[in-house]
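Q: All I have is the shape, not the residue letters:
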Ligand code: NAD
């Protein structure tokens, strides 16, 4: 594969476009926001005024979009690939999206010979720029094998977890856990702090023990204890992910009480912690 499109040049898509460009792919980017297009153009990425050129000229198109609704509109709406795409087009959706939407869209594209792979990511904007993302991948074996050189140019770790949509199921499970761990870790730090233990020393102890998590090992030292709160991932996007997980649990008719409480806490915190804050700021419910 030589020519790759990237649709959505935000915090994540901009870095992915740059990583692909550095690995020698010809990259064409598109984003409706002029500022996003200008930033990628300044990175040396060719940017288009609309998505049509990408479907027509690219062998694979990578999506990095905010919500499942936007993914569906881009892929099945006017100016989508069904209006005219290169034969054998591969679509790689790195957005955190809903697996039901992913499966529905994949089924709609398949008769036109367009394959979809879901490859949502962890690692933030820094990981996107440095091509060190972790991807959990859903898709048929053939499509995932075809996507591999493109995925490898953007990520350091890839786990193929199942068919189309399985990547998005896994990503929602991961982010539900991260959302829960932020709250439980903040409560543990609050308890220990009020009981006279320094949070930094506490974290050193927890990270040597069985209560550790990505949140205690990465989020607290990198973005919380130093007051930085600059991960590049917003409350708005994490609230979306928790809501999508809640919707999936509802659609499966499951009774998962702790997950329901986590979803409620994230939803009800909207006034205390605004949508544009860093997602780690949920800890301020306990550690203000
Ligand atoms: P972002 O809001 O910074 O970027 C999204 C981009 O999509 C914006 O530039 C927006 O203009 C563009 N866009 C909106 N509608 C569009 C359309 N119809 N066509 C083309 N582009 C459109 O978001 P982000 O932080 O880059 O996140 C992108 C996706 O990656 C989300 O699904 C998010 O949940 C996921 N994600 C983000 C992070 C992170 O740390 N930021 C980490 C992992 C996963």
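A: Nice, thanks for sending it over. Since we're looking at a predicted model, the values are computed, not measured. Numbers count the residues shown, from 1 in each chain.

Q: Around the ligand, which positions in this structure sit nearby?
A: Within the chain, the positions lying close to the ligand (Cβ under 6 Å from any ligand atom) are 7-13, 31-33, 36, 64-66, 70, 73-74, 95-96, 121-122, 124-125, 232-233, 237. For every residue, glycine as well, the C-beta is placed using N, CA and C.

Q: Name the residues of the helix or strand hosting residue 243 that are buried.
A: Residue 243 is part of helix 235-251, with elements assigned from DSSP states H and E. Residues of helix 235-251 classed as buried by neighbour count (16 or more other Cβ atoms under 10 Å): 235, 237-246, 248-249.

Q: Now pLDDT too, for those, in TSV please.
A: As requested, the buried residues of helix 235-251 are arranged in TSV below (pLDDT from 0 to 100):
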residue	pLDDT
235	98
237	96
238	97
239	98
240	97
241	97
242	98
243	98
244	97
245	98
246	98
248	97
249	98
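
Q: With distance to residue 272 added, can I get the residues you listed in CSV?
A: What follows is the buried residues of helix 235-251, written out as CSV (distance: Cβ to Cβ, whole Å):
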residue, distance to residue 272
235, 10
237, 18
238, 14
239, 13
240, 18
241, 19
242, 16
243, 18
244, 22
245, 21
246, 20
248, 26
249, 24
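
Q: Where does the residue of the chain most remote from its centre sit: helix, strand or coil?
A: Centroid-distance maximum for the chain: residue 196 at 37.4 Å, with Cα atoms, centre = their mean. Recorded secondary structure, residue 196: coil (DSSP: H, G, I helix; E, B strand; the rest coil).

Q: For the ligand, what's the nearest residue on the protein?
A: At 1.8 Å from the ligand, residue 10 is the closest residue in the chain, using Cβ to the nearest ligand atom.

Q: For the lowest-mean-pLDDT helix or strand in the chain, give me every contacting residue.
A: The helix or strand of the chain with the poorest confidence is helix 284-287; it has a mean of 94 (mean pLDDT, DSSP states H and E). For helix 284-287, contacts defined as Cβ atoms under 8 Å, 6 or more residues apart in numbering pick out 183, 186, 187, 189, 190, 193, 224, 265, 269, 272, 273.

Q: swap in stretch 9-20?
A: 4, 6-7, 27, 29-31, 33, 36-37, 39-40, 43, 45, 47, 62, 64, 66, 94, 121, 124-131, 133, 150, 153-154, 232-233.

Q: Which among those residues count as buried?
A: Judged by 16+ other Cβ under 10 Å, buried ones among those: 4, 6-7, 27, 29-31, 36-37, 39-40, 43, 45, 47, 62, 64, 66, 94, 121, 124-125, 127-129, 131, 133, 150, 153-154, 232-233.

Q: Among these, which ones are in strands?
A: Among the buried ones among the contacts of stretch 9-20, the subset assigned to strands under DSSP state E consists of 4, 6, 7, 27, 29, 30, 47, 62, 121, 133.

Q: Would you reformat those residues as TSV and include pLDDT?
A: Formatted as TSV, those follow (pLDDT from 0 to 100):
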residue	pLDDT
4	98
6	98
7	98
27	98
29	98
30	98
47	98
62	98
121	98
133	98
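
Q: The stretch 151-288 of the chain: strands as residue ranges?
A: 155-162 (DSSP state E, counting those that start in this stretch).

Q: List just the nearest of the buried residues of helix 235-251 to residue 172.
A: residue 245 (4.3 Å; Cβ to Cβ).

Q: Is the closest one in contact with residue 176, as I believe?
A: Yes. Using Cβ atoms under 8 Å, residue 245 is in contact with residue 176, at 4.2 Å.
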